[in-house]
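> let me see the structure of the following:
(2 chains)
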Amino acid sequence: MSEGFERRLALRERFALRMHIAICAACTRVEKQLEFLRRAVAELPAAPDERSR
Amino acid sequence: MTKPAKPRVDPAEFETHRTALLHFAILQVRDRDAAADLVQETMLAALTAAGRFSGDSSVRTWLTGILRHKIVDHIRRAGREVSVDALAGEDGADIVDAMFRKDGHYVQMPSEWRDPERLLSERRFLEALELCVRGLPATTSQAFLMREVMGCETDEICKELEISSTNCWVLLHRARMRLRACLEERWFGGGHE
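Below is the predicted model of the structure:
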């Protein structure tokens, strides 16, 4: 699943992954959470240094 | 006989990467002034070395590589050990492994995070997340931040860190799962919701 974050999966791999996630509630939940974490990390640093040098 | 043209990098482009580089440094180095200094040193080093840019990687990855080495040196000088081993000893049998049974299934259903989107603008949550990011072991942190903050392509990250692409993906996956587990502990499990 994490490889899906890292590279475009081949069509067959994507299909197999989708099938698994459709069945596996735990994986669906974690995948959503990992996607959220990706967006959250984009908001870091929490207190960015605004000074220009 | 003509030589093939060397890829040209326009030094004026370097400034467009400064903010991302600063974030990359801040998330690894405690002191924000030190982070800014390291980025400035990186810019100067890049200007000096611009003629030697080979074009094998993107400019962003190249700059990140220069900064990464300066950060490693900085942390080493500050007296903290930097793990050079990408996987063994970096992440140990631990918080991530404990989530799974031998057959690969989760030990228990991962808990639900109710309505997490609102947390994207909540400072205390972002601070907890930043603590979790800072807690990542060295090479894991570098790979993860190169991917998520710098947006480097995974194959470039593998090359820069000199690890195989399989190990690279495993490293990145474990980084995400580790962050998830950390936040479970620090935030979602603690009744903050």
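> element containing the residue most central in space within chain A?
Nearest residue to the geometric centre of chain A (C-alpha atoms, centre = their mean): A:E35, 3.5 Å. If you go by DSSP states H and E, A:E35 is part of helix A:25-41.
> how about the residues of chain B that lie near chain A?
B:22-23, B:26-27, B:32, B:35-36, B:40, B:105-106, B:109-110, B:112-113, B:116-117, B:119-121, B:123, B:125-127, B:129-130, B:133, B:147-149, B:154, B:168-169, B:172-173, B:176-177, B:179-180, B:183 (C-beta under 8 Å from any C-beta of the partner chain). (Each C-beta comes from the backbone N, C-alpha and C, glycine too.)
> just the residues you listed: which are in helices?
B:22-23, B:26, B:32, B:35-36, B:40, B:123, B:125-127, B:129-130, B:133, B:147-148, B:154, B:168-169, B:172-173, B:176-177, B:179-180, B:183 (DSSP state H).
> quick one, which of those are buried?
Using 16 or more other C-beta atoms under 10 Å in any protein chain shown as the burial test, those include B:22-23, B:26, B:32, B:35-36, B:125-126, B:129-130, B:133, B:147-148, B:154, B:168-169, B:172-173, B:176-177, B:179-180, B:183 as buried.
> related to what we said a few turns ago, for the helix holding A:E35, packing partners?
In terms of contacts (3 or more C-beta pairs under 8 Å, 6 or more residues apart in numbering or on different chains; DSSP states H and E), helix A:25-41 is packed against helix A:2-6, helix A:11-23, helix B:123-134, helix B:165-183.
> quick one, the last one and helix B:123-134 angle?
What that stands for is helix B:165-183. 140 degrees (axes from the mean of the first three to the mean of the last three C-alpha atoms, to 10 degrees).
> which strands and helices sit next to helix B:165-183?
Applying 3+ C-beta pairs under 8 Å, 6+ apart, we find helix B:165-183 packed against helix A:2-6, helix A:25-41, helix B:123-134, helix B:138-148, helix B:154-161.
> could you dump these to a markdown table with distance to B:P11?
Formatted as a markdown table, the helices and strands packed on helix B:165-183 follow (distance: least, C-beta to C-beta, whole Å):
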| stretch | distance to B:P11 |
| --- | --- |
| helix A:2-6 | 31 |
| helix A:25-41 | 29 |
| helix B:123-134 | 31 |
| helix B:138-148 | 22 |
| helix B:154-161 | 21 |
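> relative to A:L17, which of those is closest?
When the helices and strands packed on helix B:165-183 are compared by C-beta to C-beta, helix A:2-6 sits nearest A:L17, at 6.4 Å.
> any idea of the mean pLDDT for that closest one?
In this model, helix A:2-6 has a mean pLDDT of 66.
> where does pLDDT dip in chain B?
Applying pLDDT under 70 to chain B picks out residues B:1-7, B:80-93, B:190-193.
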